[in-house]
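A.B. asks: sequence and predicted structure, then a few things I'm wondering about:
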Amino acid sequence: MVPLLYFQLLGAALFGIGLYGVLARRSAVLIVLSIELMLNAVNINLIAAASYLNGIGRFDAFDGQIIAIFVITVAAAEVGLAFAIILRMYRNRGTVNVDEINILKW
Amino acid sequence: MPLAFLIPVFSFVACPLIILFQRWLPGRGAPLAILAIGGGFVVWALATIGFLGASPDNPACDVSAITGALTCHFSTDWFTAGVPGNEITDVIHLDWGILIDPLTIVLLGLITFVALGVQLYSLEYMKGDPRFGWYYAWQALFVAAMLTLALADNFLLLYIAWELVGLCSYLLIGFWFEQPGPREAAKKAFVVTRIGDVGLLVGILLLWLNVGSFSMTDAFAAVAAGELSNGVITAVAILLLLGAMGKSAQFPFHVWLPDAMEGPTPVSALIHAATMVIAGVYLVARAYPIFAASPEALLIIAIIGIITALGAATIALVSTDLKRILAYSTVSHLGLMMLSLGAGGWIAAVFHLMAHGFAKALLFLGAGSVMHGVGAHGDVDIRRVGGLRRAMPLTATAFSIGALSLGGIPILSGFWSKDEILLSVSHHLPAIFIVLAFLTAFLSALYMARAMFVVFFGSEGEDSHHAHESPILMTGVLAVLAVLAVGFGWIAFNWPGAFGGFGSFVFYDHAEGFHFNPLIAGLSVLLAVAAFALAWLVYVRRGWSHESLRARFAPVLRVVENRYYVDETYQWVIDRVVLTVSAALAFFDRAVVNDVGINGPGDVVRRVGVALRLHVTGHVYSYALVVALGVIALAIFWWLRSA
């Protein structure tokens, strides 16, 4: 059995990569992808924790899995919305480079 | 007699009615105004009969302990203001009403009569004016305000009427506001009299502060009872005098009156004879118990009076505009009235007020008739008219009677009243005053003679070829006024029987008979006749060229013709002093009040905002970084706490 720690390390690594992507990337599309990465890192954590608590072959508590499914749903909706916004942004400004789009102030 | 309050009410009602309905009223509402003032005249006559028949037994009437005259007082609630029990704004209750005493009676007679004459005259004079209805509306309001002023039993009501008179004079002087002259003159009249009005208001408030009542009777009683200190009385007297000086065009506030002739000529007649300028003299006469208690104030009145009288007389002598001569003549005679009041000649002052009122109304309406006949608009240059007696015999006769009366030729009214003034001056003031007063009387005769001879006698002027006599309505009014200018003075005598003369009816403190001092009367007659003879010699016979006279007195003439540079002095003071102070204040306002006080806090907020907004970059990753750091900080915080 793979120890829980490995899953958590994987989740933390993915989350860190996603966070780096959000902070460092200039393209709005890649930022959304990075956010997806972070969400999935969380999902891994949730499912790992859930299965660790229940033990192999036992399904007493489904909290982790249920929340993970919720997260997937929300992530799907979020991606749909985010790409719609990015599309409009591209139509309006001719770019998806967030450095050039700094109207979100004052 | 209690219904005497109706005298102004008629005209007060007529004014808004004319304004609102002039389009539909017959004659643009003019008959309504005339009806109103005519009604006022009738009520005045009835009230006078009632007053003459009244005795101290009448519950409303009493012989005043202060003025010594029979005084009837009718009053009712006006308003209550203030908060009960509050220390600062305690409840003030005010009554308003009318005070009828001989002074009021004679003044109301003068006002209603002259106003009636002026309004009838204006029917012809103002015929065809595009704002004919408005003219009568303002006339009605003017007269109503003046009547209220004369009837008021308290200083507050008097002040309201006083300001209304000022407003109406502004409206009527500036009646032809399309032209710059009347516009400026109206503004000047309003502003200059307003300076005096401030004094009046402060004086009234000071009196109220010390007496606790606006009522004239209370105020006079308090003064008579010695409840006020001498300083307060003198201060109040001088402040009231300021108001009177503004309205009655006394030096140095006389500058507005000569310019006021820019208005329609009947308005000038009204202002000079029956309203506005006599308000100041009336105020001093009415508040005489206050002035009489302060010898300093009386002396100031006398000094101002003689300065005004003499200065204005000299200017009148060199003016070339007929109406301007008359205007300065009014200033001069108002000065004489003030001088008389200052000398204690109360009766003489009121008597001269009346006699001068009739004569001056006659003269101004005569001048208006000349303008009408010659076809002049605005002003009549006496150098351009002459010999009008042939074309306008009625006007010439009437004007000459007015001029002779004002010049002090015996048996005409002006002679008797001026004589009384000279007499009281000689009795109560230092010798210098009587000398100057005689000089004024001489000049007064001289300038009236000059105006009369140049305009109506002598050779024809270039503007007088097409002259024609004025319509019967105008000359009729002149005729009636001429009769009064001749005969009014005769009521001064000690008539045997029921009526003992003017001084036994209108008096202050004690009734006086008619005084006659052969020396003074003889001297004044001599001077008047000499003046008329001199004027005849110079302007009709041309035995003595006035050009050579002008040349001889050139330096003096320049000063006098420039009206002693009073206007220039005002202009200089305004340009240099007022504008400098204003500029300094404006700078303070902009630099301190506005820039520091108002914009200062705004600037601080804006600068702080500018500094603070630097952290709001608008870049997505910077927000994300803050969120991430926040999450990490929270996690660390939580971890530390749980550990």
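C.D. replies: Great, that's in hand.
A.B. asks: excluding its backbone neighbours, what's nearest B:Leu388?
C.D. replies: Nearest residue to B:Leu388, sequence neighbours excluded (CB to CB, 6 or more residues apart in numbering or on different chains): B:Phe456, at 4.9 Å. Any C-beta I mention is one placed from the backbone N, CA and C, and that applies to glycine too.
A.B. asks: residues contacting residue 33?
C.D. replies: All of this refers to chain A. A:Gly21 (CB atoms under 8 Å, 6 or more residues apart in numbering or on different chains).
A.B. asks: hm, I was asking about chain B
C.D. replies: B:Ala33 neighbours (CB under 8 Å, 6+ apart): B:Ser11, B:Ala14, B:Cys15, B:Ile18, B:Gln119, B:Tyr136, B:Ala137, B:Gln139, B:Ala140.
A.B. asks: can you do 6 Å?
C.D. replies: Applying CB atoms under 6 Å, 6 or more residues apart in numbering or on different chains, we find B:Ala33 in contact with B:Ala14, B:Gln119, B:Tyr136, B:Gln139, B:Ala140.
A.B. asks: dump those to JSON lines, plus pLDDT, secondary structure and distance to chain A.
C.D. replies: Output for the contacts of B:Ala33, formatted as JSON lines (pLDDT from 0 to 100; DSSP: H, G, I helix; E, B strand; the rest coil; distance: CB to the nearest CB, whole Å):
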{"residue": "B:Ala14", "pLDDT": "88", "secondary structure": "helix", "distance to chain A": "66"}
{"residue": "B:Gln119", "pLDDT": "89", "secondary structure": "helix", "distance to chain A": "71"}
{"residue": "B:Tyr136", "pLDDT": "89", "secondary structure": "helix", "distance to chain A": "65"}
{"residue": "B:Gln139", "pLDDT": "89", "secondary structure": "helix", "distance to chain A": "65"}
{"residue": "B:Ala140", "pLDDT": "90", "secondary structure": "helix", "distance to chain A": "65"}
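A.B. asks: which of the residues you listed sit farthest apart?
C.D. replies: With distances taken as CB to CB, the most widely separated pair in the contacts of B:Ala33 is B:Ala14 and B:Gln119, at 10.5 Å.
A.B. asks: what's stretch B:408-428 in contact with?
C.D. replies: In contact with stretch B:408-428 (CB under 6 Å, 6+ apart) are residues B:336, B:340, B:343-345, B:348, B:351-352, B:355, B:359, B:404-406, B:433-434, B:437, B:441, B:445, B:485-486, B:488-489, B:492, B:515, B:517, B:520-521, B:524-525, B:528.
A.B. asks: sec struct for the residue of chain A found nearest chain B, please.
C.D. replies: At 3.1 Å from chain B, A:Asn102 is the closest residue in chain A, using CB to the nearest CB. Following DSSP: H, G, I helix; E, B strand; the rest coil, A:Asn102 is assigned to coil.
A.B. asks: okay, and which of the contacts of stretch B:408-428 map to strands?
C.D. replies: Taking DSSP state E, every one of the contacts of stretch B:408-428 sits outside strands.
A.B. asks: in ChimeraX, select just the buried ones from those.
C.D. replies: Per 16 or more other CB atoms under 10 Å in any protein chain shown, the buried members of these correspond to this ChimeraX selection:
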select /B:336,340,343,344,345,348,351,352,355,359,404,405,406,433,434,437,441,445,485,486,488,489,492,515,520,521,524,525,528
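A.B. asks: put together a markdown table for the contacts of B:Ala33, with neighbour count on each row.
C.D. replies: A markdown table is the format used below for the contacts of B:Ala33 (neighbours: other CB atoms under 10 Å in any protein chain shown):
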| residue | neighbour count |
| --- | --- |
| B:Ala14 | 27 |
| B:Gln119 | 27 |
| B:Tyr136 | 30 |
| B:Gln139 | 33 |
| B:Ala140 | 32 |
